[in-house]
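1. Need coordinates for the below:
(one chain, ligands or ions: 3)
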Amino acid sequence: MGRGSLVSYLIVLVAVLIESSCVVNSSTIIKGKIGINIGSIIKKWKIAKKNGYNIYEGSWVYDDSYPLYDSSACPFIRKEFNCLKYGRLDHEYLKYRWQPKQCDLPRFDGIDFLTRFNGKKIMFVGDSLSLNHYESLLCLLHAAVPKSLILQQTNENSTSVFFKDYGVTITLFHSNYLVDIEMEQVGRVLKLDSIKNGDLWKQMDILVFNSWLWWYRSGAKQPWDYIQVSGKILKDMNRMDAFRYGLTTWAKWVDSEVNPLKTKVFFQGITPSHYNGAEWNKPGVTNCSLEKTPWSGSTYPGGMPLASKVVNEVLSRISKLGIENLLNITTLSQLRKDGHPGSHNGLGGMECTHWCVAGVLDTWNQLLYATLI
Ligand SMILES: *[C@@H]1O[C@H](CO)[C@@H](O)[C@H](O)[C@H]1NC(C)=O
Ligand SMILES: *[C@@H]1O[C@H](CO)[C@@H](O)[C@H](O)[C@H]1NC(C)=O
Ligand SMILES: *[C@@H]1O[C@H](CO)[C@@H](O)[C@H](O)[C@H]1NC(C)=O
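-> Ligands and ions are numbered 1, 2, ... in the order given. Have a look, this model is predicted:
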């Protein structure tokens, strides 16, 4: 290579590096100095977003600047998720950052979040995984503004936290199936065609829905006696079909009731649990208790859960929503067999479905933040 061509090669190389400057190396951002860089970080991130990179494809990398907050200082964590408090001694699971293959993510910035969403209402609607997700967001925000005034309000089906100095409200609305369960003469009926709680939901600015955990419940844990679908009352039906019906009703509700100019809607992808070691090449293992590190790499040996197909189908074909409305956390969470409480939870028993806070869910919120900005 001659000297001239070497120089032009270097110029091209530099240009390429600048061009792909979605690369914001978040590990080089020093804690406490984040505010200084936030403008340029967000500018770079917006360029990356325009390129349409898939932020859900990637791997977990060890990052000493994690976790993003000290969970013992967060007043919002229920005992189910408070792993450190309940004796989890290995802390490496707190130290992983999600690294998309194609570009870096902006670090979660609580002050920017609160400032940007001044006057806005954000609601999580769903089962206990929504609660889990919501508590992680509250901890992230609280850690950024620990001294600001926070008000809480609890209603019949919802609970809200109001960051008064920033005018931001974060609400959790409890609904296991999104569609209704109603008491009728025959008993409790799960109505796959009906959503009656939506009037409150559609007043929000940002909605994050989730429902999956309860669709296969049976026996004493099943909170309904009959299923109603297309005018018929059934004792039971194929549960995946029931999920598809219910989710379709939800998607049609979004299409007809939610004003897309006011409200951004997300569906949180299927959350994996870790009770079947065969999925991560440890046949015979029946829980997550010995898992201390993520699955390395970007593909999970167990593959995508079947229900993900239903979610994709409903989002991309049945409704006006699209895959851009999917918070596609399934694969990245599957890799985190180490992220669950295991026996370190305040309820007792083995818990490999929900997630420790702090932990994996902080990344779900980072991805939500990145998608919104
Ligand atoms: C969700 O992300 C995974 C991992 O990148 C990918 O395999 C899958 O196709 C994505 N799903 C959708 C609907 O984009
Ligand atoms: C709470 O949810 C139940 C069950 O879906 C419903 O019957 C009730 O009207 C809801 N209450 C409020 C205040 O929305
Ligand atoms: C959890 O898994 C460990 C190791 O595989 C096993 O020894 C233990 O009995 C399991 N505990 C429960 C409650 O399933």
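2. Tally up the residues packed near the closest residue to residue 86 other than its chain neighbours, please.
-> Excluding the flanking residues, the one nearest residue 86 by CB to CB, 6 or more residues apart in numbering is residue 344, at 4.4 Å. C-beta coordinates here come from the backbone N, C-alpha and C atoms, glycine included. Here the number of neighbours of residue 344 (other CB atoms under 10 Å) works out to 19.
3. Distance-wise, check residue 344 relative to residue 324.
-> In this view, residue 344 and residue 324 are 36 Å apart by CB to CB, to the nearest Å.
4. about what we covered before: now do the SS call for the residue nearest to residue 86.
-> Assigned with DSSP: H, G, I helix; E, B strand; the rest coil, residue 344 falls in the coil class.
5. wait, what's in contact with it?
-> By CB atoms under 8 Å, 6 or more residues apart in numbering, residue 344 lies in contact with 83, 84, 86, 87, 88, 356.
6. From residue 68, how far off is residue 335?
-> 19 Å.
7. do residue 356 as well
-> Counting by CB to CB - residue 356 and residue 68 are separated by 13 Å.
8. out of those two, which sits in the more crowded spot?
-> residue 356 (30 against 22).
9. Any idea how many residues pack against the nearest residue to the more buried one once chain neighbours are set aside?
-> Once flanking residues are discounted, residue 356 sits nearest to residue 83: 3.8 Å by CB to CB, 6+ apart. Close neighbours of residue 83, defined as other CB under 10 Å, add up to 29.
10. pretty sure residue 176 contacts residue 129?
-> No: when contacts are counted by CB atoms under 8 Å, residue 176 is not listed as touching residue 129 (10.2 Å).
11. Can you pull the residues that touch both of these two?
-> Residues touching both residue 176 and residue 129 by CB under 8 Å, 6+ apart: residue 213.
12. all strands for the stretch 101-250 of the chain, in order.
-> With DSSP state E, counting those that start in this stretch as the criterion, the stretch 101-250 of the chain has strands at 121-126, 150-154, 158-163, 168-174, 180-184, 187-191, 206-209, 226-229, 232-234.
13. so which of those is the most packed in?
-> Greatest average neighbour count among the strands of the stretch 101-250 of the chain goes to strand 121-126 (a mean of 24), per mean count of other CB atoms under 10 Å.
14. what about that one and ligand 2, any contact?
-> No: Strand 121-126 stays clear of ligand 2 (CB under 6 Å from any ligand atom), getting no nearer than 11.5 Å.
15. Can you spell out which helices and strands pack onto that strand?
-> Strand 121-126 sits against helix 128-144, strand 168-174, strand 206-209, with contacts defined as 3 or more CB pairs under 8 Å, 6 or more residues apart in numbering; DSSP states H and E.
16. closest to residue 311 out of the ones you listed?
-> strand 206-209 (10.5 Å; CB to CB).
17. what pairs with that closest one, and is each one parallel or antiparallel?
-> strand 121-126 (parallel), strand 264-268 (parallel) (DSSP bridges).
18. Does the shortest one reach ligand 1?
-> In this case it means strand 264-268. No: using CB under 6 Å from any ligand atom, we find that strand 264-268 stays clear of ligand 1, coming within 10.5 Å at best.
19. residues in contact with that strand?
-> So strand 264-268 is in contact with 126, 129-130, 133, 205-210, 254, 258, 311, 315, 321, 325-327, 329, 364, 368, 371-372, going by CB under 8 Å, 6+ apart.
20. contacting residues for residue 271?
-> 129, 210, 212, 213, 329, 330, 333, 353.
21. out of those, who has the most neighbours?
-> Highest neighbour count within the contacts of residue 271, by other CB under 10 Å: residue 210, with 26 neighbours.
22. unless I'm mixing things up, that residue is touching residue 123, no?
-> No: judged on CB under 8 Å, residue 210 makes no contact with residue 123 at a distance of 11.6 Å.
23. Stretch 361-371: how far from the chain's middle?
-> On the basis of CA atoms, centre = their mean, to the nearest Å, stretch 361-371 sits 7 Å off its chain's mean C-alpha point.
24. So for it, mean pLDDT?
-> The pLDDT scores in stretch 361-371 average 96.
25. mind listing what's buried in stretch 87-99?
-> Buried residues in stretch 87-99, defined by neighbour count with 16 or more other CB atoms under 10 Å: 88, 93, 94, 96, 97, 98, 99.
26. now, among those, which is nearest to ligand 3?
-> Comparing the buried residues of stretch 87-99 against ligand 3 with CB to the nearest ligand atom places residue 88 closest, at 14.8 Å.
27. who touches that closest one in this structure?
-> By CB under 8 Å, 6+ apart, the residues touching residue 88 are 341, 342, 344, 356.
28. and the gap between the third one and ligand 1?
-> Which is residue 344. Using CB to the nearest ligand atom, to the nearest Å, we find residue 344 at a distance of 28 Å from ligand 1.
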